[in-house]
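Novice: After the sequence you'll find the predicted model.
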Amino acid sequence: MRTGEPLPALGDVLAALGTGVWHWDTASGLVAVDAVAARLLGLPSEEATLTQAQVRARLHPVDWNEITGIIQLAVAEGTLAEVRIRIMDDQNQVVRVVRSRSKPSFDTERKSYVLTGTLQEVTEPAPGTPAARSAVTGDWRRSREAFLLDAGRALAEARSTQEVLRVAANLSMPGFTPDGLAVFGVEGDRLTIIGHHGHEPGADSPFYMPLDTDYPAAEVVRTGRAVYLSSPEQYRSRYPLTWPLAQRFGRQSWAFLPLTASGRTMGAWLAAFTYPVAFTPDERSVLTTVARMLAQALSRAGTAESEKALTEGLQRSMMPKLGPGIPGMDVTARYVPTGGGLQVGGDWYDVIPLPGGASRTTSGGGRFALVIGDVQGHDVRAAGLMGQLRIALRAYASEGHRPDAVLARASRFLHGIGEDPTEMRFATCLYAEVDPGSGVLEVARAGHPDPVIRMADATVLTRPTAGGLPLGIDPDADYPTTRLVLEPGETLLICTDGLIETGGHDLDTGWQRLREILEQHRGTQEELADALVQAVHGPSSHHTTGPLADRREDDIALLLLTRQGDACGCGADETVPPPVRRTVLTVAQAEPERVGIARQQLRELLHDWPSDDQVDSAVLLLSEMLTNVLVHTDADALLLAEITDGGDGRRIRVEVTDTADDLPHRRRPGELASSGRGLLLIELLAHSWGVAPRGRGKSIWFELYERKDADGSG
């Protein structure tokens, strides 16, 4: 061809270069090929229009399945789609390898791909080599980078050694994929196997050997340098003593790479191939990078598993076993670490047998104490302080001190062990001394949430108790004691604030969430404990988030104490509610604010009363009775309110007792009088009432009978 002459036709040039042209429209399912492309596909050398089925019959099934993914990736990246394809004959034998290059486009209206490309026979690599199996889009280096990105992401997400090994076993490297994998570790001066893939059962036993053995993995650990063996002959000549160990697997190439983390060789990684691999610089680069990522993933997984084992061991040592059953009582406990980085914090509970045997209130025995608390913080120091404080509380309780004295001594102890004033910690705590025979609980509280009572008919009352500062703040703090009575069939719940506030809740909304679980549950006590935890920490808790902006997480500890009796709620077959619902509360002269607490207690007791007017009347009359004691006497007031069911309907009886001897009298106050209307209101609103003198003091009471309808016509 001389300068200035016209260029030959494009088709002639491509034919001279042995390059065929094809066009594929996936919407019609037809593939048009020229004569060269037809010959390369093993068809007569002439232009033709083929169906997808005809073309697919000439291609290796694995290569056909890869073509769709290659096309989609090329369209998404805006690059050429390049793939090596094995052409098969009628006996399913590979006759040649061709390389196809095309620029695909996607027709959004027809939802189909349109491709025009070239087809050219590849002389190297020959059929059967790794490159002949591989589908490559664009440059091989680009495919390698995509693989390393995916492998790094998968290894980074693995949380345990077994997950790391599963990810490593499923790695499909670009251009060459190992058939067998093994990860070796080091224990002392011996080489062990952590995990393997692609070996028959029992294949790991020969790999437990001394590090000075003439074995490639041992050499890698000793030297920190990789070993590449491209052929069985090379393996046999370099490691004749251990060659029989590898010979039985029938592999053709091996790569042993060091697993190095933080400058320390922690093991070795074996990648074995069933075909010869030359281990070019690019291939070695991929293997080295994977080995580094694998070492980092194994190191992270090992650290996480060690922390988990440490946490579980610490938790088991800190949390007591409830031991044998307590006569007449059922105790259930739960502890769920959720807020700490080490999955352990300062929450704890304890059940302490008390000395003396005999009860202070009855002739029975078996007194014990329930303790629950929360040390400030979620770290190792908080866990350590929790352990010390738990031991101190157990020691003070075992000495026979009363609840207020136990907490006072514990507060002084916690305040005294703080070496640095800037790092002082405090702890909330609730200590309850329990008499199983009478159901009496003497409760002392140090900045901790109040206990909750679930009555036998599932009515839930928060029991306000007197309290003091959290432990450790003031060594001279006082912790008053409140006496409660757990009736047969009732359940006491005490917990840390994690059960209340987890999920962005405050005390009010958190208690409301728990109240619904307590009122609706109809199962065993163990099932109730699980339901409470699941409500705040399980999947359903994400649908009951609180009003606070942040979804706070905190450790959870709870104790459930049930006094056995009829319809106790400790069995799944309970159907009949108990006949009595009762609450008792003391209002001292120095605590007039407890009048409001008493009103709230009465409203909670009457939560299912059908008449709102009667509820308001009962609360009004209670206020009058309590106020009368506080204003006109120097005594404290004791409130007893109970609901009974006599068969013809329920009735509420409210009784206030004091130690003053002066009996109230009905008067007719003038319009401007500031007092004297209490008994008139009781006479007007109550169905029955009375004043009864006691041996010391008096009591005034009233009763209201349940109306069957809310309008009062019943």
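Specialist: Done, it's in. Numbering: from 1, shown residues only.
Novice: And the helices in the stretch 201-350 of the chain, which stretches?
Specialist: Ranges of helices within the stretch 201-350 of the chain are 216-223, 232-238, 243-247, 281-318, based on DSSP state H, counting those that start in this stretch.
Novice: ditto for the stretch 551-700 of the chain
Specialist: Here the stretch 551-700 of the chain has its helices, by DSSP H, counting those that start in this stretch, at 594-605, 612-632, 678-685.
Novice: Low-confidence ranges, the stretch 1-150 of the chain, go.
Specialist: 1-5, 7-8, 69, 73, 76-79, 123-145 (pLDDT under 70).
Novice: One more pass at 80, please.
Specialist: For the stretch 1-150 of the chain, the stretches with pLDDT under 80 are 1-17, 62-63, 65-66, 68-70, 72-82, 122-150.
Novice: Helices along that one, start to end?
Specialist: Using DSSP H, counting those that start in this stretch, helices in the stretch 1-150 of the chain cover 10-16, 35-40, 52-56, 61-77, 130-133, 140-157.
Novice: what's the closest non-adjacent residue to residue 497?
Specialist: In space, and not counting its chain neighbours, residue 497 is closest to residue 449: 5.9 Å by C-beta to C-beta, 6 or more residues apart in numbering. Just so you know, the C-beta spots here come from the backbone N, C-alpha and C atoms, and that holds for glycine as well.
Novice: Now do the same contact list for that neighbour.
Specialist: By C-beta atoms under 8 Å, 6 or more residues apart in numbering, the contact list for residue 449 reads 428, 430, 494-497, 500, 507.
Novice: gap between it and residue 442?
Specialist: Per C-beta to C-beta, to the nearest Å, residue 449 is found 18 Å from residue 442.
Novice: Over to residue 619?
Specialist: In terms of C-beta to C-beta, residue 619 sits 28 Å off from residue 442.
Novice: out of the two, which sits in the more crowded spot?
Specialist: Using other C-beta atoms under 10 Å as the criterion, residue 619 and residue 442 rank with residue 442 on top: 21 against 17.
Novice: which SS state does the nearest residue to residue 521 once chain neighbours are set aside fall under?
Specialist: Nearest non-adjacent residue to residue 521, counting by C-beta to C-beta, 6+ apart: residue 528, 5.0 Å away. Assigned with DSSP: H, G, I helix; E, B strand; the rest coil, residue 528 falls in the helix class.
Novice: Spit out the contact partners of residue 528.
Specialist: By C-beta under 8 Å, 6+ apart, residue 528 lies in contact with 332, 491, 517-518, 521, 560, 569.
Novice: pLDDT at it, what is it?
Specialist: Looking at residue 528, its pLDDT reads 93.
Novice: for residue 585, same thing?
Specialist: For residue 585, the pLDDT comes out at 83.
Novice: Distance-wise, check the residue nearest to residue 521 relative to residue 608.
Specialist: In this view, residue 528 and residue 608 are 20 Å apart by C-beta to C-beta.
Novice: swap in residue 659?
Specialist: Going from residue 659 to residue 608 by C-beta to C-beta gives 34 Å.
Novice: where does this protein have its least confident helix or strand?
Specialist: For the chain, the helix or strand with the lowest mean confidence is helix 130-133, at a mean of 44 (criterion: mean pLDDT, DSSP states H and E).
Novice: circling back: and the helices of the stretch 551-700 of the chain, which one is worst for confidence?
Specialist: Across the helices of the stretch 551-700 of the chain, helix 678-685 gives the lowest mean pLDDT, at a mean of 84.
Novice: For it, output the C-alpha coordinates as CSV.
Specialist: Taking C-alpha atoms only, helix 678-685 is exported to CSV below (Å, rounded to 0.1, in the frame of the first residue of the first chain):
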residue,chain,number,x,y,z
GLY,A,678,-64.1,16.4,106.8
LEU,A,679,-66.7,14.2,108.5
LEU,A,680,-69.5,16.0,106.6
LEU,A,681,-67.8,15.0,103.3
ILE,A,682,-67.3,11.4,104.5
GLU,A,683,-70.9,11.2,105.5
LEU,A,684,-72.1,12.6,102.2
LEU,A,685,-69.8,10.7,99.8
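Novice: Just the buried positions in that helix, please.
Specialist: Buried positions in helix 678-685, judged by neighbour count with 16 or more other C-beta atoms under 10 Å: 678-679, 681-682, 685.
Novice: for stretch 490-507, same thing?
Specialist: 490-505.
Novice: Equivalent analysis for stretch 367-380, please.
Specialist: So, applying 16+ other C-beta under 10 Å, buried residues of stretch 367-380: 367-378.
Novice: Which entry within these corresponds to the minimum pLDDT?
Specialist: residue 378 (67).
Novice: From residue 450, how far off is residue 368?
Specialist: To residue 450, residue 368 is 21 Å away according to C-beta to C-beta.
Novice: My error: substitute residue 285 in the last question.
Specialist: The value you get for residue 285 to residue 450, if C-beta to C-beta is used, is 65 Å.
Novice: any idea how far the residue nearest to residue 685 when sequence neighbours are not counted lies from residue 596?
Specialist: Leaving out its chain neighbours, the residue that sits closest to residue 685 by C-beta to C-beta, 6+ apart is residue 617, at 4.4 Å. From residue 617 over to residue 596 the distance is 18 Å, taken as C-beta to C-beta.
Novice: So which of the two has more stuff around it?
Specialist: Neighbour count, other C-beta under 10 Å: between residue 617 and residue 596, residue 617 has more, with 18 against 12.
Novice: ok, back up a step: and residue 659 and residue 608? which has more neighbours close in?
Specialist: Set residue 659 next to residue 608 and count neighbours by other C-beta under 10 Å: residue 659 wins out with 15 against 12.
Novice: circling back: could the helices of the stretch 201-350 of the chain go into CSV alongside distance to residue 190?
Specialist: Formatted as CSV, these follow (distance: least, C-beta to C-beta, whole Å):
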stretch, distance to residue 190
helix 216-223, 9
helix 232-238, 22
helix 243-247, 16
helix 281-318, 18
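Novice: What is the burial count for residue 87?
Specialist: 20.
Novice: Is it in contact with residue 93, as I believe?
Specialist: No: using C-beta atoms under 8 Å as the test, residue 87 is too far from residue 93 to be in contact (9.9 Å).
Novice: For residue 627, see how far away the nearest residue to residue 619 once chain neighbours are set aside is.
Specialist: Ranked by C-beta to C-beta, 6+ apart and with sequence neighbours excluded, the top spatial neighbour of residue 619 is residue 599, at 5.1 Å. Relative to residue 627, residue 599 is positioned 11 Å away (C-beta to C-beta).
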